[in-house]
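1. Model the structure of this input:
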Amino acid sequence: MCVKQENLIRKRVVLVHWKRQMEVEVFSNLKNFCLSYPKYNYNTLNNYLGKERIAYENEIVRVERKEIIAKPKPLAVNERSIVLVLRRVQMKQAEDQAHDWQYWRSQPVAKRAQAVTFLVSQMLEKNQRMDKTIVNKIKTDHDTGKRF
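-> Model prediction:
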């Protein structure tokens, strides 16, 4: 058999989970399982596992086919990454407000709103609601932060 054809054939095993004994058995094929346990009909199980690939299950056993994973799965892409940030300045020259302003202006609106909501929730006691009676809406230019 050609190497390319071998890659197309997916190797599978029959996984048998015995519910009462809390045991699992693995068979190389369905025929071996049915020969080991004559109570289970090969044709019935093959119909379950073949057509719609659904597991055969009753109160005693769950029988399903699983593919053998022959190669490692690709690593999941981690959305978060740790970035080393170091800024050494004297306290008098830190200008943290300007740096904070630049940082938060560079963040998307959804992230800024999430941060504000989190900070407000930290200040409130349990079941307390925020007092929204004193709210001043100020329009500002998105890039410069100047008021209109």
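2. Is residue 64 located within a strand, as I assumed?
-> Yes. Looking at residue 64 with DSSP: H, G, I helix; E, B strand; the rest coil, it is inside a strand.
3. what about it, distance to residue 89?
-> 62 Å (CB to CB, to the nearest Å). In this view, the C-beta of every residue, glycine as well, is placed from N, C-alpha and C.
4. got it, and residue 53?
-> Applying CB to CB, the value for residue 53 to residue 89 is 62 Å.
5. what's in contact with the longest helix along the chain?
-> The helix spanning the most residues in the chain, taking DSSP state H as the definition, is helix 109-123. Among residues not part of helix 109-123, those counted as contacts by CB atoms under 8 Å, 6 or more residues apart in numbering are 104, 107, 130.
6. same deal with stretch 67-79?
-> Residues lying outside stretch 67-79 but in contact with it, judged by CB under 8 Å, 6+ apart, are 10, 11, 12, 13.
7. What of stretch 129-136?
-> Applying CB under 8 Å, 6+ apart, the contact partners of stretch 129-136 are 120, 124.
8. How about the contacts made by residue 59?
-> If you count contacts by CB under 8 Å, 6+ apart, residue 59 has them with residue 19.
9. and it, that's in a strand?
-> No. For residue 59, which was evaluated using three-state DSSP, the result is coil, with no strand membership.
10. can you pull the buried residues of stretch 29-37?
-> Within stretch 29-37, the residues that count as buried by 16 or more other CB atoms under 10 Å are 30, 33, 34.
11. how about the residues you listed in JSON lines, adding secondary structure and pLDDT?
-> Written out in JSON lines, the entries for these read as follows (DSSP: H, G, I helix; E, B strand; the rest coil; pLDDT from 0 to 100):
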{"residue": "30", "secondary structure": "helix", "pLDDT": "90"}
{"residue": "33", "secondary structure": "helix", "pLDDT": "92"}
{"residue": "34", "secondary structure": "helix", "pLDDT": "92"}
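12. Looking at the residues you listed, which is nearest residue 138?
-> residue 30 (70.8 Å; CB to CB).
13. right, and the closest one touches residue 45 too?
-> Yes. Contact between residue 30 and residue 45 holds when scored by CB atoms under 8 Å: they sit 5.8 Å apart.
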